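[1] Quick one: sequence and predicted model below, then my questions.
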Amino acid sequence: MMFLSSEHRRHPEYRRGFLDMAGAATGIAAWGLMTGVAMVKSGLSTLEALLMALTVFAGSSQLAAIPLIQAGAPVWVILATGLCVNLRFVVFSAHLRPYLMHLPRRQRLVIGYLAADLTYVMFTKRFPQPASNTAERAAQMAYLAGNSGINWVSWVGSCVLGVVLANAIPTAWGLGFAGILALVGIVASLATSPMRWMSAGVAGMAAVAAFALPLKLNILVAIAAAVAVCLLLEGRLPGAAPREAK
């Protein structure tokens, strides 16, 4: 990782971050492999699919865009869907700002590119508070590098493999179902409060209810519904943060 020195990579927290993510790496790889196959099957050329696999490190956004590309959706619909799906990273970046502001901008941009849902969750769980001294900063950056490194390799490596082997991997293997199971497991592990369970349930029900909408717009409906319900219930469910007094 370019944001770490060799000394940081030898830090014990680097191995800790690597091992924490290793447990989910198999599921991430299965989903990435299926995504690589889907990109080619959607009509993208091998070169286009490889470029997408190597530059768009955003699995949910890729998966949302693929059926839209296949359906010939307008560019604005594809971009709007990707934006909505990835809005959560605005919240992630705001939370991580105190952890990273000591780094040069170039390094923060690299970390921003490597940021992913599980990386964020595992990192903030391991370090609930930003570092207050140099030694703590080194530990946090070492953990982040080990954690995000294996996550990137698992997703991008398997995605590229899926692109290359797209015509050799039969759809009967059920990779899509394997990927769904992997994501369900990840989502279940992240749903640690009533509010999170509520948001997942509302999004799921809204997506199913709006499934008949064209161009996969049910995804946007699900996101909007989950956000709206959670804003209404903020501070009212057990474990939810109370609203600040106006």
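    Everything's here; your move. Given the structure is predicted, the values throughout are model-derived calculations rather than measurements.

[2] who touches the closest residue to residue 78 other than its chain neighbours in this structure?
    In space, and not counting its chain neighbours, residue 78 is closest to residue 68: 4.8 Å by Cβ to Cβ, 6 or more residues apart in numbering. Placement of C-beta: from N, CA and C, glycine included. Residues near residue 68 by Cβ atoms under 8 Å, 6 or more residues apart in numbering: 77-78, 81, 215-216.

[3] Which members of those residues are the farthest-apart pair?
    With Cβ to Cβ as the measure, no two of the contacts of residue 68 lie farther apart than 78 and 216, at 9.8 Å.

[4] neighbour count winner among the two?
    Using other Cβ atoms under 10 Å as the criterion, residue 78 and residue 216 rank with residue 216 on top: 23 against 20.

[5] mind giving me the domain split of the protein?
    6-190, 192-246 (automatic domain parsing).

[6] possible to save these as a markdown table with mean pLDDT?
    Below are those laid out as a markdown table (pLDDT from 0 to 100):
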| stretch | mean pLDDT |
| --- | --- |
| domain 6-190 | 85 |
| domain 192-246 | 77 |
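
[7] any idea how far residue 166 is from residue 62?
    14 Å (Cβ to Cβ, to the nearest Å).

[8] And for residue 47?
    16 Å.

[9] between the two, who's got more neighbours?
    Of the pair residue 47 and residue 62, residue 62 is the one with more neighbours under other Cβ under 10 Å, namely 21 against 9.

[10] Would you tell me what the next helix or strand after the strand or helix carrying that one is?
    Using DSSP states H and E, residue 62 falls within helix 59-70. Under the assignment DSSP H and E, the closest C-terminal helix or strand after helix 59-70 is helix 75-85.

[11] buried stuff in whichever helix or strand comes after that following helix?
    Using DSSP H and E, the helix or strand that follows helix 75-85 in sequence is helix 88-100. Buried residues in helix 88-100, defined by neighbour count with 16 or more other Cβ atoms under 10 Å: 89, 92, 96, 99-100.

[12] What is the most widely separated pair among the residues you listed?
    Spanning the widest gap among the buried residues of helix 88-100 are 89 and 99, at 14.8 Å by Cβ to Cβ.

[13] Phi and psi next, for residue 165.
    Backbone torsions for residue 165, taken as degrees, to the nearest 10, come to phi -100, psi 20.

[14] oh, and call the first residue 56 from now on, that's how I've got it
    Sure thing, new numbering starts at 56, so read that last one as residue 220.

[15] what's it in contact with, if anything?
    With the criterion set at Cβ under 8 Å, 6+ apart, residue 220 makes contact with 91-92.

[16] Distance check, it against residue 143.
    Counting by Cβ to Cβ - residue 220 and residue 143 are separated by 31 Å.

[17] helix or strand right after the host helix or strand of residue 251?
    Secondary structure assignment for residue 251, by DSSP H and E: helix 249-264. Note on helix 249-264: by DSSP H and E, the next helix or strand toward the C-terminus is helix 273-288.

[18] Can you show me the CA trace of that next one as PDB?
    Extracted C-alpha coordinates of helix 273-288, given in PDB (Å, rounded to 0.1, in the frame of the first residue of the first chain):
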ATOM      1  CA  ASN A 273     -36.700  -0.600  -8.000                       C
ATOM      2  CA  ILE A 274     -33.100  -0.300  -6.600                       C
ATOM      3  CA  LEU A 275     -33.600   3.500  -6.400                       C
ATOM      4  CA  VAL A 276     -37.000   3.000  -4.800                       C
ATOM      5  CA  ALA A 277     -35.500   0.600  -2.200                       C
ATOM      6  CA  ILE A 278     -32.800   3.100  -1.300                       C
ATOM      7  CA  ALA A 279     -35.100   6.000  -1.000                       C
ATOM      8  CA  ALA A 280     -37.600   4.100   1.100                       C
ATOM      9  CA  ALA A 281     -35.000   2.800   3.500                       C
ATOM     10  CA  VAL A 282     -33.500   6.300   4.000                       C
ATOM     11  CA  ALA A 283     -36.900   7.900   4.400                       C
ATOM     12  CA  VAL A 284     -38.200   5.400   7.000                       C
ATOM     13  CA  CYS A 285     -34.900   5.500   9.000                       C
ATOM     14  CA  LEU A 286     -35.000   9.300   9.100                       C
ATOM     15  CA  LEU A 287     -38.600   9.200  10.400                       C
ATOM     16  CA  LEU A 288     -37.700   6.600  13.100                       C
END
